[in-house]
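In: Got a predicted structure here, sequence first:
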Amino acid sequence: MRKADVIIVGSGIAALQLANTLNNQLHVIIITKSNKESSNSSMAQGGISAAISPQDHIMKHYQDTLEAGRWHHNEKEVHRLVKEGKEIVEDIIQKGLPVDRTESGELSLGMEGAHSVERIVHSGGDATGRFVIQHLLKTLPSNVEIIENETVISLLQEQKSDRCIGVVTKNKRDRTMNYFAPNIVLATGGAGRFYSFTSNHHTISGDGLAMAYLAGAQLTDLEFVQFHPTLLFVNGETKGLVSEAVRGAGGILTNQFGQKIMRHKHPMKDLAPRHIVAHEIFKERAKGNDVYLDISSIVDFTKKFPTITKMCEEQGISIKDGLIPVAPGSHFLMGGVVVNSVGETCIQGLYAIGEVACTGVHGSNRLASNSLLEGLVYGKRLGNYLNEREHHRTFLIPKKLKDLPAIADYPINQHEFRLNMMKAVGVIREKDRLITHLNWLNDINRESLGKVSIEEKTVEGIHSYFMWIIGKLMTESALLRSESRGGHIRLDHPDEKKSWCQKRIVHRKVNGEMKVTFDEQLKIKSHA
Ligand code: SIN
């Protein structure tokens, strides 16, 4: 058993920014299921959006964010994101984050879809995430300890009050370990691994969402999944992201006949919002055509995009040919654990930051390069908040692990689950397919649940269980939202409906039962 003041689950940008902000007197433990350099954040290519150019203004960034997310946001939070984001990005550059500059030494700002001006700060061409993570790891103070290759499998709650007081982990040899702290922070990312085509790191399996839900927290906006239009597509599989920055630099989507597929589809053509581009690619592929990103007009491609060049070469795609085969795949979950502006959930002692959280900054479709920004802003906000509080490392009695829900070892076949999620809860959705998928998930429940305690499970068995729970909630939400908004298109409800604007579908476990409600004004009261 170990004790700390703050335990952070996950090691992406939000986690490291929080750890860098927390007071040096606090003992902080970061627990990550793989190694500290492996995360979705590390893989981010595009960059960090911030209104730092003289031609820009935070209100332009604010407007672009609202427009991309179809006005389903918490507008106060969006304002915080762009305002504090600008200051934080300026500060991190000043503190030594290496960023790309023009020959004259000005910041080189990139362009991405749905931005009205060039505002993407980037590093190493298309290796921004890796540079930011390395920078944040380098600046970590000595009060921060990182534990690698341990998977957090459950939250520990106090017997009487439900307050969150610790976590249970499993290591590679399935040995369990308990950690206790008065502050437990989920920074576990979203649910990319739920889909057969994804840009996400293989560790992103909805763990934080499932653990928060099982502990009694609220989850919302789970139907809003963003599909990135251009993942490298080789031999029927997606192999990684081909950044939107490539289209920002002049890349054009074509089919095998050289026809430009976005030409008459949207005024912003190849830089239209992601769901529109993804939908057009989907339609083109449904006609039996292949889709390519034509990069022949981009001067110095290999210099500007070294990560993508390397990835293509590893997959046998020659950059010299000027055509990169692409297909859409899951990229980002806009919904998550409901939190307030500092990351508090409705459970005392439990916080969430980054993609696992839903602050309302992304609405129903995240603006490109706003996710690294979110990690920096909300990591810092929570750090400042915790620094102002007193922390008592009193030892509270947790509920016994055997009182945690029993689960079956492999409630789902993960391969089948991913294919079904892609078909039913992908960019294109419709009622009958959603119902069939939901019935399939519910039948698994009847057949195989209630077998053994979570402690006896293998880590993969626990992942399957988490995916099953959250997959069900995502499918239910997708079915309930009878409109097309943001990241997806409902064929049976093709329009955005006024009656659905700002209406949130909220899931919460009440007395062991899954409960769904609708809410327009989600508020988490501070526990301070
Ligand atoms: C990209 O580089 O295309 C992805 C950036 C993002 O998702 O914000």
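Out: Yep, that arrived.
In: Stretch 284-295 and the ligand in contact?
Out: No: Stretch 284-295 does not reach the ligand (CB under 6 Å from any ligand atom); its nearest approach is 11.4 Å. No exception for glycine: its C-beta is placed from N, CA and C like everyone else's.
In: Okay, buried residues for that stretch please.
Out: Neighbour-count burial for stretch 284-295 flags 284, 285, 289, 291, 292, 293, 294, 295 (criterion: 16 or more other CB atoms under 10 Å).
In: Number of residues surrounding whatever residue of the stretch 401-528 of the chain ends up closest to the ligand?
Out: Residue of the stretch 401-528 of the chain nearest the ligand, by CB to the nearest ligand atom: residue 487 (11.8 Å). Look at residue 487: counted by other CB atoms under 10 Å, it has 28 neighbours.
In: Please enumerate the strands of the stretch 401-528 of the chain.
Out: For the stretch 401-528 of the chain, applying DSSP state E, counting those that start in this stretch gives strands covering 428-429, 489-490, 504-510, 513-519.
In: Buried residues in the helix or strand hosting residue 90, which are they?
Out: Per DSSP states H and E: residue 90 is located in helix 75-94. For helix 75-94, burial by neighbour count (16+ other CB under 10 Å) applies to 77-86, 88-89, 92-93.
In: Which residue, neighbours along the chain excluded, lies closest to the residue of the stretch 401-528 of the chain closest to the ligand?
Out: Of all residues not flanking residue 487 in the chain, residue 226 sits nearest, at 4.4 Å (CB to CB, 6 or more residues apart in numbering).
In: how far away is the one you found from the ligand?
Out: For residue 226, the distance to the ligand equals 8 Å [CB to the nearest ligand atom, to the nearest Å].
In: Relative to the helix or strand containing that residue, what are the paired strands and their orientations?
Out: Using DSSP H and E, residue 226 falls within strand 225-234. The pairing partners recorded for strand 225-234 under DSSP bridges are strand 237-241 (antiparallel), strand 323-333 (antiparallel).
In: can you list the ones you listed in CSV and add mean pLDDT?
Out: Listed next are these as CSV, based on pLDDT from 0 to 100:
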stretch, mean pLDDT
strand 237-241, 95
strand 323-333, 97
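In: could those go into TSV alongside distance to the ligand?
Out: Output for these, formatted as TSV (distance: least, CB to the nearest ligand atom, whole Å):
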stretch	distance to the ligand
strand 237-241	6
strand 323-333	6
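In: Among those strands, show me which one is buried the most.
Out: Mean neighbour count (mean count of other CB atoms under 10 Å) peaks for strand 323-333 among the strands paired with strand 225-234, with a mean of 25.
In: and that one, how far out from the chain's middle?
Out: Centre-to-centre, strand 323-333 and its host chain are 15 Å apart (CA atoms, centre = their mean, to the nearest Å).
In: Would you mind putting the CA coordinates of it into CSV?
Out: Provided in CSV are the C-alpha atoms of strand 323-333 (Å, rounded to 0.1, in the frame of the first residue of the first chain):
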residue,chain,number,x,y,z
LEU,A,323,-0.5,10.3,-53.2
ILE,A,324,-1.2,9.1,-49.6
PRO,A,325,-4.1,6.6,-49.3
VAL,A,326,-6.5,7.7,-46.5
ALA,A,327,-9.7,6.7,-44.7
PRO,A,328,-11.6,8.2,-41.7
GLY,A,329,-11.3,6.8,-38.2
SER,A,330,-12.2,7.7,-34.6
HIS,A,331,-10.1,10.5,-33.2
PHE,A,332,-11.6,12.3,-30.2
LEU,A,333,-14.5,12.0,-27.7
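In: about what we covered before: can I get the buried residues of helix 75-94 in a markdown table including pLDDT and distance to the ligand?
Out: Listed next are the buried residues of helix 75-94 as a markdown table, based on pLDDT from 0 to 100; distance: CB to the nearest ligand atom, whole Å:
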| residue | pLDDT | distance to the ligand |
| --- | --- | --- |
| 77 | 97 | 18 |
| 78 | 98 | 16 |
| 79 | 98 | 20 |
| 80 | 98 | 19 |
| 81 | 98 | 13 |
| 82 | 98 | 15 |
| 83 | 98 | 19 |
| 84 | 98 | 18 |
| 85 | 98 | 13 |
| 86 | 98 | 17 |
| 88 | 98 | 17 |
| 89 | 98 | 14 |
| 92 | 98 | 17 |
| 93 | 98 | 18 |
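In: State the pLDDT value of whatever residue of the stretch 1-150 of the chain ends up closest to the ligand.
Out: Distances between the stretch 1-150 of the chain and the ligand by CB to the nearest ligand atom are smallest at residue 46, namely 2.7 Å. Residue 46 carries a pLDDT value of 89.
In: would residue 275 count as being in a strand?
Out: No: secondary structure of residue 275 (DSSP: H, G, I helix; E, B strand; the rest coil): helix, not part of a strand.
In: How about the contacts made by it?
Out: 226, 227, 365, 427, 486, 487, 488, 489 (CB atoms under 8 Å, 6 or more residues apart in numbering).
In: ditto for residue 363
Out: So residue 363 contacts 65, 66, 68, 69, 70, 71, 72, 73, 224, 334, 486 (CB under 8 Å, 6+ apart).
In: Now, of these, which are buried?
Out: Among the contacts of residue 363, those scoring as buried are 65, 66, 68, 69, 70, 72, 73, 224, 334, 486 (criterion: 16+ other CB under 10 Å).
In: which one of those is nearest residue 438?
Out: Proximity of the buried ones among the contacts of residue 363 to residue 438 (CB to CB) peaks at residue 224, which lies at 17.5 Å.
In: Spatially, what comes nearest to the closest one if we skip its sequence neighbours?
Out: Counting by CB to CB, 6+ apart, residue 224 lies nearest to residue 334, which is 3.8 Å off, once chain neighbours are set aside.
In: how far away is the one you found from the ligand?
Out: Separation of residue 334 from the ligand (CB to the nearest ligand atom) stands at 12 Å.
In: beta partners of residue 330?
Out: Under the criterion used (DSSP bridges), residue 330 bridges to residue 198, residue 227.
In: so who does residue 251 touch?
Out: Per CB under 8 Å, 6+ apart, neighbours of residue 251: 270, 293, 294, 295, 297, 298.
In: Closest to residue 12 out of these?
Out: For the contacts of residue 251, the residue nearest residue 12 by CB to CB is residue 293; the value is 26.8 Å.
In: distance of the closest one from residue 301?
Out: As judged by CB to CB, to the nearest Å, residue 293 and residue 301 stand 11 Å apart.
In: Ok, residue 52 next?
Out: 26 Å.
In: Among these two, which residue is more densely surrounded?
Out: residue 301 (23 against 19).
In: Excluding residues flanking it in the chain, which one is nearest the more buried one?
Out: Distance criterion CB to CB, 6+ apart; nearest residue to residue 301, sequence neighbours excluded, is residue 295 at 5.4 Å.
In: Give me the pLDDT value at the one you found.
Out: 98.
In: Spit out the contact partners of it.
Out: By CB under 8 Å, 6+ apart, the contact set of residue 295 is 246, 250, 251, 301, 319, 322, 323, 324.
In: Mind checking which of those are in strands?
Out: Those of those mapping onto strands are 323, 324, per DSSP state E.
In: which one of the contacts of residue 295 is nearest residue 342?
Out: Comparing the contacts of residue 295 against residue 342 with CB to CB picks out residue 246 as the nearest, at 36.3 Å.
In: Tell me the confidence at that closest one?
Out: Residue 246 is given a pLDDT of 95.
In: these two touch, right, it and residue 296?
Out: No: using CB atoms under 8 Å, residue 246 makes no contact with residue 296, being 11.9 Å away.
In: neighbour count winner among those two?
Out: Neighbours of residue 246 and residue 296, each counted by other CB under 10 Å, are more numerous for residue 246; the result is 26 against 12.
In: Tell me the spacing between the more buried one and the ligand.
Out: Using CB to the nearest ligand atom, one gets 8 Å for the distance from residue 246 to the ligand.
In: quick one, what contacts that residue?
Out: With contact set as CB under 8 Å, 6+ apart, residue 246 has these partners: 230, 293, 295, 298, 305, 308, 324.
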